[in-house]
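Participant: Here you go, sequence then predicted model.
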Amino acid sequence: MDRLFLDANILFSAAYRDAAGLARFWSLKNAALLSSHYAVEEARLNLRDAEQRTRLAALVSRIQVVPNTFLGPLPDGIDLPEKDRPILLSAIGARATHLITGDKDDFGQFFGRTISGVLILPPAAYLTNRRA
């Protein structure tokens with residue numbers, strides 16, 4: 001079973017509008033959805049209205065929210081902005097199989113790469129290449 005750690009931008013996009021395409025993650029079979037309190041709060045702060053925040057709360061109620069991991073060194077050869085370190089460290093700490101993120105600016109250089117057991121992918125790549 002895949003353990004998918006969802007970055008804040010995935011949570012944000014899934015909650016942004018009713019029937020958002022990224023809400024497809026919540027209907028996947030044989031996949032456990034994970035995120036951290038840090039990612040959930042980042043998504044919540046960026047949503048504009050109460051309806052979006054209500055959708056976010058409903059989506060979050062259906063995933064496993066893992067503890068934040070702020071401390072610890074990044075794996076050798078990995079450099080990320082301070083704001084993204086807790087995302088990768090929490091995904092590693094939660095023993096996720098995948099980190100799903102749309103953040104091309106900061107994570108794009110790692111797309112398709114496995115770091116400490118976590119394969120980093122944009123959402124479309126995961127959904128397109130997903131095992132049945």
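Facilitator: All right, it came through fine. Note that the structure is predicted; figures quoted are calculated from it, not measured.
Participant: Tell me, how many residues neighbour residue 104?
Facilitator: 11 (other C-beta atoms under 10 Å). In short, each C-beta sits where N, CA and C put it, glycine included.
Participant: okay but it is in contact with residue 122, surely?
Facilitator: Yes - in terms of C-beta atoms under 8 Å, residue 104 counts as a neighbour of residue 122; the distance is 7.3 Å.
Participant: what residues are up against the closest residue to residue 88 other than its chain neighbours?
Facilitator: Spatial nearest neighbour of residue 88, chain neighbours left out: residue 80 (6.2 Å); criterion: C-beta to C-beta, 6 or more residues apart in numbering. Applying C-beta atoms under 8 Å, 6 or more residues apart in numbering to residue 80 gives the contacts 74, 88, 106-107.
Participant: ok, so of the residues you listed, who is nearest residue 37?
Facilitator: Sorting the contacts of residue 80 by how near they are to residue 37, with C-beta to C-beta, puts residue 88 at the top with 15.4 Å.
Participant: those helices in the protein, which residues are they?
Facilitator: Along the chain, the stretches classed as helices by DSSP state H are 8-16, 37-46, 50-60, 85-93, 104-107, 123-129.
Participant: buried ones in the fifth one?
Facilitator: Of the residues in helix 104-107, those scored as buried under the neighbour-count criterion (16 or more other C-beta atoms under 10 Å) are 106-107.
Participant: quick one: contacts of that helix?
Facilitator: Residues contacting helix 104-107 (C-beta under 8 Å, 6+ apart): 7, 80-81, 84, 99, 101, 111, 120, 122.
Participant: Quick check: of the residues you listed, which lies closest to residue 53?
Facilitator: Sorting those by how near they are to residue 53, with C-beta to C-beta, puts residue 7 at the top with 18.0 Å.
Participant: Once you drop chain neighbours, what's closest to the closest one?
Facilitator: With C-beta to C-beta, 6+ apart, the residue lying closest to residue 7 is residue 101, at 3.7 Å.
Participant: residues in contact with that neighbour?
Facilitator: Residue 101 sits in contact with 7, 9-10, 87, 107, 120-123, where contact means C-beta under 8 Å, 6+ apart.
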